[in-house]
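Undergrad: Predicted model follows, preceded by the sequence.
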Amino acid sequence: MANQEDNLFKNVIAHAKEYGFIFPSSEIYDGLSAVYDYGQNGAELKNNIKEYWWKFMTMLHENIVGIDAAIFMHPTTWKASGHVDAFNDPLIDNKDSKKRYRADTLIEDGIARLEEKIEKEVEKAAKRFGESFDRQMFVTTNPRVLEYQKKVDAFNERLKLAMEKSDLDELRQLIMDLEIADPVSGSRNWTDVRQFNLMFSTEMGSLAEDANKIYLRPETAQGIFVNFLNVQKTGRMKIPFGIAQIGKAFRNEIIARQFIFRMREFEQMEMQFFVKPGEEMQWYEFWKEKRMKWHKALGLGDANYRFHDHLNLAHYANAACDIQFNFPMGFKELEGIHSRTDFDLKNHEKYSGKKMQYFDPETNQSYIPYVVETSIGLDRMFLAVLASAYKEEKVTRDGEDGGDRVVLKIPAPLAPNKVAVLPLVKKDGLPEKAQMIMTNLKFDLRCYYEDKDTIGRRYRRQDAIGTPFCITIDHQTLQDDTVTVRDRDTLQQERIPVNALKARLTEACSINSILRKI
Ligand code: GAP
C-alpha cells in the first residue's frame, strides 16, 4: 500500500473508533483478532445499509422474498455443500519470520508483480513515442512484453490447475519458481504447504462427542438452499424467483488483517435466484448489471467499481465474478456474483434423501433449479461507505469558524443521524423551541439534540459523524418561525419555515430517493 493510502486507512480506522462507529471487540482485554463491535453510530449506519439492500431485493422485486434462517444447521448440511471437504485455504509458513500466509495469495501477488513489469515497459514506451504510441501494437509485438506475458499466462494456468487439484507440492513449487520472498523478512525459507479448514466448530448438547460436532455457518446461503421448497410451496413461488437473507457468517480466516475487510465474524447479505436449467447465464448477466446499478446509485463514484472475473472457480460455480471496490488498500472484492449450477440442491437431495425438485405447472415437469447468487459482505460495504466518505478539508466559508475539518460525506439516507437540532444559545426560550421542533421531526428522521459549546464546534462534531443537516434555532425563529438549515457538504445555509422542514428533509434523507435511481 502506498504511504498516502496507508495513512488514509489508519486515519479512517482511528476516526471510526473515536466517533463511535467501530470498536475492537472486548477491547479491555486487548481485543480479539479480526473481531469488531459496532458502536452507536456504526450500528445505525449498518442498519441503513441493510435497509437499502433489503428494500431493493424484497420490495422492488415481486419475485424475491426474505427469510431469516438459524446460524446452526444440521452438520450434514456442510458435508453436502462441500465445505467440510473443500472449504480450505492452502497455508505456508516462513521459517525465519514465523509468519503464515495463504499460498495462493502469495502466488497471485507474485504474478501481479510480473504484470507490473509489463505496465512499466508500456509506460516507458509511451513516453518515448509520445502521441504516436499505439498500446495495442506495442503489447502484441514487443519481445520483452511478450516474454513477460508468456510467463504470466503460464503461471496463471499452473495456479489454476494446482488449486483445482489441491496440489500442494505444485503450489510450493510455484512460490519457488516465482522467487517469492517473505514480505516481512525477505527470506525464501518456506515450509511445505498445508490445507486448513476455515469453518469454526463447536459441540451441541452437554457431551463433547464427535457426533455432536456442529459448525458455525461459513455462508448464509445454505440456510436458503435447505428452505428452498418450504418457501416455494408456502409462498406459491414460480420460477424464476429469489430468496434473500441477511445474517452472520463465521470463518477462521488465516490472514485476518485490514480492519473490517476480513473478519472472523461478519455479516452477509445474500440472495439465491432459482432459475430453469440452461437459463442461468442470462440471469447471471442480469444480476451483474442490477447489482452494479445498486452500488452506483449510492453516488460513491462510478470509477470506484469494476468487475473482476474469477479464473479459479469455486467448487460449486460454472461462472463467477466479483464487484471490486477501490478501498484505501486498492481495488478488492466487495461482492461476489456466482452461477452456482444445481450443485447445492442436488447434493442436499443426495445427502438428505428428500426431493429438492420444483414442479413446473406449465410443462408438468419436475427439475432441480439452477441458482444464481449475489453475495455481499455487509461489513465490507460499511468500509466502502466509510472510507469513501472520509474527507479532511479546509473550511473556507464565511460564518463557519475556518480552519480544518474532518467530515464524513456519507450519502444522507445512510447517515447515522439525519438532523442535528441546535439552539444558538441555551436561554431565551431557544432550547424549548428547539425541543418542539425535534418532537415534530423525530418520528420520521433520526435527530440529535445539542446545546453545548459554540455553534462552530457543534457543526464540527456533526461533520465528524456525517450528519447531513444542522438546524439552528435563533432569536429570529421566535419571531417568524423560521430556522437556518446548514448543508454538511456545501456548507450553504438556508432560512426556511419550520413547517416546511419535515417535507424537505425526509425526501433528501429517504432510502427511497436512492432506490428510485436504480
Ligand atoms: N455464498 C457465497 C460466498 O460466501 P464469498 O465470496 O466467500 O461467497 C461473499 O463471500 C462475500 O462475503 C464477499 O464478497 C465479501 O464481501 C464477504 N466476505 C467473505 N469473507 C469475509 C470476511 N472474512 N470478512 C468480511 N467479509 C467477508
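TA: The structure has been received and is ready for your questions.
Undergrad: Which single residue in this structure comes nearest to the ligand?
TA: With C-beta to the nearest ligand atom as the measure, Gly377 is the residue of the chain nearest to the ligand, at 2.5 Å. Using the backbone N, CA and C atoms, a C-beta is placed for each residue, glycine as well.
Undergrad: how about that residue, what does it touch?
TA: By C-beta atoms under 8 Å, 6 or more residues apart in numbering, the contact list for Gly377 reads 266-269, 334-335.
Undergrad: repeat for Ile323
TA: If you count contacts by C-beta under 8 Å, 6+ apart, Ile323 has them with 291-292, 295, 305-308, 333-337, 376.
Undergrad: mind redoing it with 6 Å?
TA: 334-335 (C-beta atoms under 6 Å, 6 or more residues apart in numbering).
Undergrad: so what's Trp283 up against?
TA: By C-beta under 6 Å, 6+ apart, the contact list for Trp283 reads 273, 275, 372.
Undergrad: Out of the residues you listed, which comes closest to Leu91?
TA: Taking C-beta to C-beta as the measure, Val372 is the one of the contacts of Trp283 closest to Leu91, at 31.4 Å.
Undergrad: got any ranges where this protein has weak pLDDT?
TA: Low-confidence segments of the chain (pLDDT under 70): 1-3, 206-211, 397-402.
Undergrad: does the helix ranked longest in it come close to the ligand?
TA: Counting by DSSP state H, the longest helix found in the chain is helix 103-129. No: judged by C-beta under 6 Å from any ligand atom, helix 103-129 makes no contact with the ligand; its nearest approach is 13.3 Å.
Undergrad: Just the contacts of Trp283: which are in strands?
TA: 273, 275, 372 (DSSP state E).
Undergrad: Please give the number of neighbouring residues around the first one.
TA: The local packing of Phe273 (other C-beta atoms under 10 Å) involves 26 other residues.
Undergrad: So what pairs up with it in the strands?
TA: Beta-bridge partners recorded for Phe273 (DSSP bridges): Gly242, Val372.
Undergrad: Might you report the residue contacts of it?
TA: Counting by C-beta under 6 Å, 6+ apart, Phe273 makes contact with 242, 283, 372.
Undergrad: circling back: using PyMOL, define a selection of the buried residues within the contacts of Gly377.
TA: In PyMOL, a selection of the buried entries from those looks like this (16 or more other C-beta atoms under 10 Å):
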select buried, resi 266+267+268+269+334+335
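Undergrad: closest to Asp85 among the contacts of Gly377?
TA: Nearest to Asp85 among those is Gln268, at 21.6 Å by C-beta to C-beta.
Undergrad: can you pull out the strands in the stretch 151-300 of the chain?
TA: For the stretch 151-300 of the chain, applying DSSP state E, counting those that start in this stretch gives strands covering 194-197, 201-203, 213-215, 241-250, 265-275.
Undergrad: So which of those strands is nearest Ile28?
TA: From the strands of the stretch 151-300 of the chain, taking C-beta to C-beta, the stretch that ends up closest is strand 265-275, at 18.5 Å.
Undergrad: what angle do the closest one and strand 241-250 make?
TA: Relative orientation of strand 265-275 versus strand 241-250 (axes from the mean of the first three to the mean of the last three C-alpha atoms, to 10 degrees): 160 degrees.
Undergrad: Can you give the distance from strand 265-275 to the centre of its chain?
TA: Put simply, strand 265-275 sits 12 Å off its chain's centre (C-alpha atoms, centre = their mean, to the nearest Å).
Undergrad: That strand near the ligand at all?
TA: Yes: Strand 265-275 is in contact with the ligand by C-beta under 6 Å from any ligand atom, via 266, 268, 270.
Undergrad: which residue packs closest to the last one, ignoring adjacent ones?
TA: Distances taken as C-beta to C-beta, 6 or more residues apart in numbering put Ser375 closest to Glu270, at 4.6 Å, once the chain neighbours are dropped.
Undergrad: Confirm the one you found sits in a strand?
TA: Yes: Ser375 forms part of a strand when assessed by DSSP: H, G, I helix; E, B strand; the rest coil.
Undergrad: Those residues of the stretch 151-300 of the chain touching the ligand, which are they?
TA: Residues of the stretch 151-300 of the chain lying near the ligand (C-beta under 6 Å from any ligand atom): 219, 221, 251, 253, 262-263, 266, 268, 270.
Undergrad: Let me see the ranges of the helices in the stretch 151-300 of the chain.
TA: Ranges of helices in the stretch 151-300 of the chain, per DSSP state H, counting those that start in this stretch, are 168-177, 221-226, 228-234, 280-296.
Undergrad: Tell me which of these sits most buried.
TA: Burial of those is given as mean neighbour count (mean count of other C-beta atoms under 10 Å); helix 221-226 ranks first at a mean of 23.
Undergrad: what does that helix contact?
TA: By C-beta under 6 Å, 6+ apart, the residues outside helix 221-226 that reach it are 69, 77, 81, 243, 245, 270, 272, 344, 348.
Undergrad: Kindly reformat those as JSON lines containing neighbour count and distance to Met204.
TA: Putting the contacts of helix 221-226 into JSON lines (neighbours: other C-beta atoms under 10 Å; distance: C-beta to C-beta, whole Å) gives the following:
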{"residue": "Ala69", "neighbour count": "18", "distance to Met204": "17"}
{"residue": "Thr77", "neighbour count": "23", "distance to Met204": "13"}
{"residue": "Ser81", "neighbour count": "26", "distance to Met204": "18"}
{"residue": "Ile243", "neighbour count": "28", "distance to Met204": "26"}
{"residue": "Gln245", "neighbour count": "21", "distance to Met204": "22"}
{"residue": "Glu270", "neighbour count": "25", "distance to Met204": "24"}
{"residue": "Gln272", "neighbour count": "28", "distance to Met204": "26"}
{"residue": "Asp344", "neighbour count": "25", "distance to Met204": "23"}
{"residue": "His348", "neighbour count": "22", "distance to Met204": "20"}
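Undergrad: if we can go back for a sec, what angle do helix 168-177 and the longest helix of the chain make with each other?
TA: Going by the same axes, to 10 degrees, helix 103-129 makes 30 degrees with helix 168-177.
Undergrad: any idea which helix or strand comes after helix 103-129?
TA: Per DSSP states H and E, the first helix or strand lying C-terminal to helix 103-129 is helix 135-141.
Undergrad: which residues make contact with that next one from outside it?
TA: Here helix 135-141 makes contact (C-beta under 6 Å, 6+ apart) with 125, 145.
Undergrad: residues contacting the nearest residue to Arg102 once chain neighbours are set aside?
TA: Leaving aside its sequence neighbours, Arg102 sits nearest to Asp89 (C-beta to C-beta, 6+ apart; 5.2 Å). By C-beta under 6 Å, 6+ apart, the contact list for Asp89 reads 102, 196, 254.
Undergrad: How many residues are close by the second one?
TA: One way to gauge burial is a neighbour count; for Phe196, by other C-beta under 10 Å, it gives 14.
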